[in-house]
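In: my questions concern the predicted model and sequence given below.
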Amino acid sequence: MPIYEYQPSSGKHCDYCIDGFELLRKISDVNLEQCPQCHAPVVRKISAPNIGGSGPSLDSENIGKHGFTQYKRAGKGVYEKTAGKGPSVITDD
Ligand SMILES: [Zn+2]
């Protein structure tokens, strides 16, 4: 199970979440949005994987796996999906 790091996002915090905190989560768990102690809004910290790399790898496969959707610009106002769920093409107009 991955350990996710969270940090308070609104300026509200308690002793538990002030410096961020780590939580063991199942991939299937819904995204945590509040500190479990004080219920302040929190965001997930994006931290580098522990494989000695130079940073988080955001390849398309990982993005899809983590429930994100990624689009790349395919033309003026047109975006093609490269990973995740959602329409395969979105347009600005
Ligand atoms: Zn808190």
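Out: Perfect, I can see it now. These numbers come from a predicted model, not from an experiment. Numbering: from 1, shown residues only.

In: am I right that Ala74 is in contact with Glu80?
Out: Yes: shown here, Ala74 and Glu80 form a contact pair, counting by C-beta atoms under 8 Å, at 4.3 Å. From N, CA and C alone the C-beta is placed, and that goes for glycine too.

In: identify the contacts common to these two.
Out: Counting by C-beta atoms under 8 Å, 6 or more residues apart in numbering, the contacts common to Ala74 and Glu80 are Val89.

In: low-confidence ranges in the chain?
Out: The chain contains residues with pLDDT under 70 at 47-58, 63.

In: ok, which stretches of it are helices?
Out: Here the chain has its helices, by DSSP state H, at 60-65.

In: how is it divided into domains?
Out: 1-47, 57-93 (automatic domain parsing).

In: now the ones you listed in CSV, please, with extra columns for mean neighbour count.
Out: Shown next, in CSV, are those (neighbours: other C-beta atoms under 10 Å):
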stretch, mean neighbour count
domain 1-47, 13
domain 57-93, 13
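
In: just so I know, which of those lies nearest the ion?
Out: With C-beta to the ion, the closest approach to the ion among the domains of the chain belongs to domain 1-47: 3.1 Å.

In: check whether that closest one contacts the ion.
Out: Yes: using C-beta under 5 Å from the ion, domain 1-47 reaches the ion at Cys14, Tyr16, Cys17, Cys35, Gln37, Cys38, Ala40.

In: which two of those have the greatest separation?
Out: Spatial extent of these (C-beta to C-beta) is set by the pair Tyr16 and Ala40 at 9.7 Å.

In: tell me the centre residue of the protein?
Out: With distances taken as C-alpha atoms, centre = their mean, Arg44 lies nearest the centre of the chain, 6.0 Å away.

In: bridging residues for it?
Out: Taking DSSP bridges as the rule, Arg44 bridges to Tyr6.

In: repeat that for Leu23.
Out: Per DSSP bridges, the residues bridged to Leu23 are Tyr4.
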